[in-house]
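Student: let's see this in three dimensions:
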Amino acid sequence: MLHSPLLLQLVVILGTSRVLALLLRWLGQPPVIGEMIAGIVLGPIVFGALAPHLHAEIFPKSSLGALDGLSQIGLVLFMFIVGAELRMPHGARRQIATAGIVGVCSVLLPMVLGVAIAPALHPRFAPPGVGFWTFALFMAASMAITAFPIMARILKERALTHTPIGRLALTSAAIADVFAWIMLAVVVALIASHGGWSRLALTLGGLLALAVFAFAAVRPLFARILARHAADGRPHGMTLAALLITALAFAAATQALQVHAVFGAFLFGACLPRDDRLLQTLIERIEHLAVQVLMPVFFALAGLNTTPGVFAGAGGGALLLVLAAAVIGKVIGGAAGARIGGASWRTALAVGSLMNARALMELIVMKVGLDAGVIGREVFTMLMVMAIATTFMTTPMLSLFTRRNAAALPDTPTAGVGTG
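Tutor: Next up, the predicted model:
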């Protein structure tokens, strides 16, 4: 057995991720799909089945602690950038009412379907000691997530960001993600409290206090620091270090509250002043490292937690049930919200297709659930397959509903969605 396989593990993980990302990009898919599939390939479903001895040699269980530490840092840095990136797009005020309806519908319907499929999943797949409603509420939250970052990148690559469809989808996703992450935080707090109402109140109170502190004290403090030391939006040296240290401190704070560290990192990013120049600098200096180096480690660890048994027998039927609830909930929920807001069916279905993309954000939700003990490896595998499938569907479905020039679609809504 290799004495210290970390460097070899990184070579294998990063090499596999890059090759599959390039392959999927050639097929018109965002690179993150290839990186997510790399996690499946490196896990027991593919690599472990084809070469079990070599797989055990490269990825012995005793060596995974170092990889887990790297993935945790990657998650915190990535969620910090996601929080900083989450903002209403230009022109959003003219469509905020429609976007609000889309956001609510694309969260509520998936949550309802998540609860609806829970009775079929809980008896067989819930870990021992996990109550029905805890499991059901987590399934509801896992169905409700939309990948705002990957949606933004898909729209940018297809030159749809500043079209009515792009603006409506981005604004709706921002609203939906706020609802979904709050819901997930409540579910995780409920899990951590083990049903004790006083402990739940303490956890939720701590989260609320941290949010108030972030926006009332930390935001104005960093506004002054950045105005003085990074007026051009490019923090250097101590200022960049202060941003990273505070992001880690917020992550540690939510972890101390027995809520996952990603919530703290996301909260700090969200409370920063909205400055596109600052965001671009953070992407260049932090996100590229997190996404290109550290997040593939997270995907690989996710793949190592999958199990091939989920594709056989009742597991296969449960997987189809999860996929159906996820796709119907997001596509129909998003499309229904857009139709209520005045959009045509073509525009509404395009928006619903975009809301269906889950990508990395779903994997983060899965990791939160697995770490909290509310789901086991079977449901984790189902959700990972669902995340890949729903994100893979987004680009071809968007092409189907925007095959005419999206910027000049005559069937854009007469109310709510702006045309400029």
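Student: tell me where the stretch 301-420 of the chain has helices.
Tutor: Secondary structure of the stretch 301-420 of the chain (DSSP state H, counting those that start in this stretch): helices located at 314-327, 333-340, 345-355, 359-372, 377-401.
Student: pLDDT on the second one, on average?
Tutor: Looking back up the chat, that one is helix 333-340. For helix 333-340, mean pLDDT rounds to 92.
Student: try stretch 61-70
Tutor: Here the average pLDDT along stretch 61-70 is 86.
Student: can you name the residues in contact with it?
Tutor: The contact list for stretch 61-70 (CB atoms under 8 Å, 6 or more residues apart in numbering) reads 4, 5, 6, 9, 294, 297, 300, 301, 304. The way it works is simple: take the backbone N, C-alpha and C, and place the C-beta from them, glycine included.
Student: now for the residues you listed: which two are most distant?
Tutor: 4 and 294 (19.0 Å; CB to CB).
Student: who has more neighbours, the two?
Tutor: residue 294 (18 against 9; other CB atoms under 10 Å).
Student: please identify the helix or strand for the closest residue to the more buried one other than its chain neighbours.
Tutor: Among residues not flanking residue 294 along the chain, residue 74 sits closest, at 2.7 Å (CB to CB, 6 or more residues apart in numbering). Residue 74 is part of helix 64-85, with elements assigned from DSSP states H and E.
Student: for that helix, buried residues please.
Tutor: 64, 67, 70-85 (16 or more other CB atoms under 10 Å).
Student: how about stretch 156-164?
Tutor: Buried-residue list, stretch 156-164, by 16+ other CB under 10 Å: 158, 160, 161, 163, 164.
Student: just stretch 230-247 next, same as before
Tutor: So for stretch 230-247, counting by 16+ other CB under 10 Å, buried means 230, 234, 235, 240, 242, 243, 244, 246, 247.
Student: my guess is the first one contacts residue 236. True?
Tutor: Yes: judged on CB atoms under 8 Å, residue 230 makes contact with residue 236 at a distance of 7.3 Å.
Student: which residue sits closest to residue 172, ignoring its sequence neighbours?
Tutor: Of all residues beyond its chain neighbours, the one nearest residue 172 is residue 102 (3.8 Å), with distances taken as CB to CB, 6+ apart.
Student: could you check the pLDDT of the one you found?
Tutor: 91.
Student: and residue 159, by the same measure?
Tutor: Note on residue 159: pLDDT of 77.
Student: same question, the one 5 residues further on
Tutor: Looking at residue 164, its pLDDT is 79.
Student: nearest residue to the middle of the chain?
Tutor: residue 361 (1.0 Å; CA atoms, centre = their mean).
Student: who's in contact with it?
Tutor: 82, 145, 146, 147, 148, 149, 150, 177.
Student: among the residues you listed, show me the least confident.
Tutor: Ranking the contacts of residue 361 by pLDDT puts residue 149 at the bottom, with 73.
Student: for that one, helix, strand, or coil?
Tutor: At residue 149, secondary structure determined by DSSP: H, G, I helix; E, B strand; the rest coil is helix.
Student: and the spatially closest residue to it that is not a sequence neighbour, how far is that from residue 110?
Tutor: Of all residues not flanking residue 149 in the chain, residue 82 sits nearest, at 5.8 Å (CB to CB, 6+ apart). Distance, residue 82 to residue 110, using CB to CB, to the nearest Å: 20 Å.
Student: helices of the stretch 101-250 of the chain, start to end?
Tutor: Using DSSP H, counting those that start in this stretch, helices in the stretch 101-250 of the chain cover 132-144, 148-157, 164-193, 197-213, 219-229, 237-256.
Student: adding distance to residue 349, write those out as JSON lines.
Tutor: Shown next, in JSON lines, are these (distance: least, CB to CB, whole Å):
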{"stretch": "helix 132-144", "distance to residue 349": "19"}
{"stretch": "helix 148-157", "distance to residue 349": "15"}
{"stretch": "helix 164-193", "distance to residue 349": "10"}
{"stretch": "helix 197-213", "distance to residue 349": "35"}
{"stretch": "helix 219-229", "distance to residue 349": "38"}
{"stretch": "helix 237-256", "distance to residue 349": "37"}
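Student: so which of the ones you listed is nearest residue 269?
Tutor: Closest approach to residue 269 among those (CB to CB): helix 237-256, 7.0 Å.
Student: quick one, what contacts the residue lying closest to residue 283 once chain neighbours are set aside?
Tutor: Counting by CB to CB, 6+ apart, residue 81 is the residue found nearest to residue 283 once chain neighbours are left out, at 6.5 Å. Neighbour list for residue 81: 269, 282, 283, 286, 287, 290 [criterion: CB under 8 Å, 6+ apart].
Student: repeat for residue 289
Tutor: Contacts of residue 289 by CB under 8 Å, 6+ apart are residue 77.
Student: confirm for me that residue 388 is in contact with residue 35.
Tutor: No: with contacts counted by CB under 8 Å, residue 388 stays clear of residue 35, the gap being 10.2 Å.
Student: tell me which of those two has more neighbours.
Tutor: Neighbours per residue (other CB under 10 Å) separate residue 388 from residue 35, with residue 35 holding more: 26 against 21.
Student: so how far is residue 269 from the residue nearest to residue 283?
Tutor: Distance, residue 81 to residue 269, by CB to CB: 6 Å.
Student: got a list of what residue 367 touches?
Tutor: By CB under 8 Å, 6+ apart, the contact list for residue 367 reads 75, 260, 298, 302.
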